[in-house]
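Q: sequence-free structure coming up:
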């Protein structure tokens, strides 16, 4: 989100800012906004609210989708599904497009770690790669909700 843009400033004026991200907004906040912040924060994965049940992200070129944080591959963001790998990742804010271009398969250069992976972590990475094996980005097509 463009933190200098008009919409961000309007949302900060309405809901507040906590540690650099939009706040939930207290008791008087709308149920819609509360649901949006739950999705953003990965809260309530077992409790699917009205928004999460009706909205999903479709990958186009992958430039507007964060690999780890966005719910673009199932109901759970990869940062929660592969939390151990996420904690070891050097680039937590990479887009799907960036990872795709670097190559997220076994021979690719997409995965960058804070330290060398142990054998069981390599197996976990293999599970993540298997999940990504059938994902293809579409050049000149925007990501959309």
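A: It's in. Computed from a predicted model, the values in this text were never measured in an experiment. Residues are numbered from 1 along each chain as shown.

Q: which secondary element of the chain has the worst mean pLDDT?
A: helix 50-54 (a mean of 61; mean pLDDT, DSSP states H and E).

Q: helix or strand right after it?
A: Counting by DSSP states H and E, the element after helix 50-54 in chain order, helix or strand, is helix 78-81.

Q: I'd like the next helix or strand past that following helix.
A: Using DSSP H and E, the next helix or strand after helix 78-81 towards the C-terminus is helix 83-88.

Q: who are the packing partners of that next one?
A: helix 78-81, helix 119-132 (3 or more Cβ pairs under 8 Å, 6 or more residues apart in numbering; DSSP states H and E). Heads up, the C-betas are built off the backbone N, CA and C, glycines and all.

Q: so for the shortest one, what gets flagged as buried?
A: It refers to helix 78-81. Neighbour-count burial for helix 78-81, counted by 16 or more other Cβ atoms under 10 Å, picks out 78-79, 81.

Q: could you measure from the residue of the chain most remote from its centre over to residue 40?
A: Within the chain, the residue lying farthest from the chain centre (Cα atoms, centre = their mean) is residue 28, at 27.6 Å. The gap separating residue 28 from residue 40 is 19 Å, by Cβ to Cβ, to the nearest Å.

Q: ditto for residue 58
A: In terms of Cβ to Cβ, residue 58 sits 18 Å off from residue 40.

Q: for residue 33, state which of the buried residues of helix 78-81 is nearest.
A: Lowest distance from residue 33 to these (Cβ to Cβ) belongs to residue 79, with 22.1 Å.
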